[in-house]
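J.: What shape does this take:
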Amino acid sequence: MSSLSSHILDISRGKPAAGVVVRLLRLEGEARQELGRATTNDNGRIAAFSDQPLPAGRYQLIAELGDWFAARDLQSLYPCACIDFVLGEDDEHYHLPFTIAPGGWSTYRGS
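T.: Residues are numbered from 1 along each chain as shown. Here you go, the predicted structure:
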């Protein structure tokens, strides 16, 4: 069983993205189940999406970017950013950050 955290940085301003809603979904076949929803803190971080460990499987983290950029009078091409990932059987912590800007976004596996 694994744990998961995230971080969102607005690279167009060089600052954390506070107030972004991020959803965690588990995918099994065609079914998608929302396991958690959290909002980034003042440092752009989400420490955990659940107090329960996550079993191996396929998941998605979906960051709702459109509303966040619109609230700052910025137009974004992307209403959301989705990290589609697989957790293995090992008991490990996964940190999956987003770097965002109105014209694009990226991710990487952090520590």
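J.: now the helices: where do they sit in this protein?
T.: Listed in chain order, the helices of the chain (DSSP state H) span 65-70.
J.: can you give me the strands in it?
T.: 3-10, 15-16, 21-28, 31-39, 45-46, 57-64, 80-87, 93-95, 98-101, 104-107 (DSSP state E).
J.: residue ranges with poor pLDDT in this structure?
T.: The model of the chain has no residue with pLDDT under 70.
J.: Identify each buried residue in stretch 68-77, please.
T.: 68-69, 76 (16 or more other CB atoms under 10 Å). For every residue, glycine as well, the C-beta is placed using N, CA and C.
J.: Send over that stretch as CSV, restricted to the C-alpha atoms.
T.: C-alpha atoms of stretch 68-77 as CSV (Å, rounded to 0.1, in the frame of the first residue of the first chain):
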residue,chain,number,x,y,z
TRP,A,68,-8.0,28.9,-10.9
PHE,A,69,-6.5,30.9,-13.8
ALA,A,70,-9.9,32.6,-14.5
ALA,A,71,-10.0,33.8,-10.9
ARG,A,72,-6.7,35.6,-11.6
ASP,A,73,-8.0,37.1,-14.9
LEU,A,74,-5.8,34.7,-17.0
GLN,A,75,-7.1,32.7,-19.9
SER,A,76,-5.8,29.1,-20.0
LEU,A,77,-6.0,26.6,-22.9
